[in-house]
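K.L.:
Kindly generate the corresponding structure for this input.
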Amino acid sequence: MKKVLRWSYGSKTYSAEAELSESPYYRKCQMERFLEFLPFYSTVDDPVMKGIADSISDQLPGYADDAYAANVVLAMVQQNVEYANDEDLYGVEDLWGLPATVLDKGKGDCDCMTDLYVSVASNLDIDVVSVLVEGHMFPAAHVDWNGVCYDLGGRRYFHMEVTDRIPVAGRYWGEKSVQAWARPAVPSERFRSTLTECPVGKNTSSA
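P.N.:
Numbers count the residues shown, from 1 in each chain. Now for the predicted structure:
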């Protein structure tokens, strides 16, 4: 299945094509969430995500630094994935969707959108992490930016809110303490062995 992504950031329009069926994670999911697998949900080894990152890299202006690129990826997720809950998408209360599946549906909740962001940003060599707070999950990027940030592992990470429509780093929820965070890593064989075909929820259409 070919997916065409289009979005804009600043005055520039971007596009990328992805043959989702070439992903080893296409329409796969894990029915139970495990924090030990938090580094793996972004499936950074997915060749489809690598291809999207390469396409973005080819289109970035010459002056683009990591902060600029991080916002371009944020705009990509915000403008190509519609927020929807897991009950409608998969028929379960909570499920962390893998990036290829999120693009297949064109919909997802905060953790699904976070996994997609982290996968593409990491393949652009941006230092990015997945952050879990009470009731929410979001990506955060270590970039040259000013403002309030999260100190994670001795480095400054800026909140990239994928469920917003404004592609700007820097939201900070000081009242919500970080419960867990992780840098992306190539999925382990144990993680892969837990993946199954995604269930079908009320909303079965793909974007």
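
K.L.:
Tally up the residues packed near the residue lying closest to residue 69 once chain neighbours are set aside, please.
P.N.:
Closest residue to residue 69 apart from its sequence neighbours, by C-beta to C-beta, 6 or more residues apart in numbering: residue 124 at 5.5 Å. (Glycine included, C-beta is placed from N, CA and C.) For residue 124, the neighbour count with other C-beta atoms under 10 Å is 19.

K.L.:
which one's the longest helix in this protein?
P.N.:
Longest among the helix segments of the chain by residue count, using DSSP state H, is helix 66-80.

K.L.:
can you give me the offset of whichever helix or strand comes after it from its chain's centre?
P.N.:
Downstream of helix 66-80, the first helix or strand assigned by DSSP states H and E is strand 82-83. For strand 82-83, the gap between its own C-alpha mean and the chain's C-alpha mean amounts to 13 Å (C-alpha atoms, centre = their mean, to the nearest Å).

K.L.:
neighbouring contacts of the next helix or strand after strand 82-83?
P.N.:
Later in the chain than strand 82-83, the nearest helix or strand by DSSP H and E is helix 86-90. Helix 86-90 is contacted by residues 29, 92-95, 97, 105, 107-109, 198-203 when judged by C-beta atoms under 8 Å, 6 or more residues apart in numbering.

K.L.:
just the CA coordinates of the helix-or-strand element of the chain with minimal mean pLDDT, formatted as PDB?
P.N.:
In the chain, the helix or strand scored least confidently by mean pLDDT, DSSP states H and E is helix 86-90, which has a mean of 81. Extracted C-alpha coordinates of helix 86-90, given in PDB (Å, rounded to 0.1, in the frame of the first residue of the first chain):
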ATOM      1  CA  ASP A  86      -7.700   3.200  20.400                       C
ATOM      2  CA  GLU A  87     -11.200   2.000  21.200                       C
ATOM      3  CA  ASP A  88     -12.400   3.300  17.800                       C
ATOM      4  CA  LEU A  89      -9.300   2.200  15.900                       C
ATOM      5  CA  TYR A  90      -8.500  -1.200  17.500                       C
END
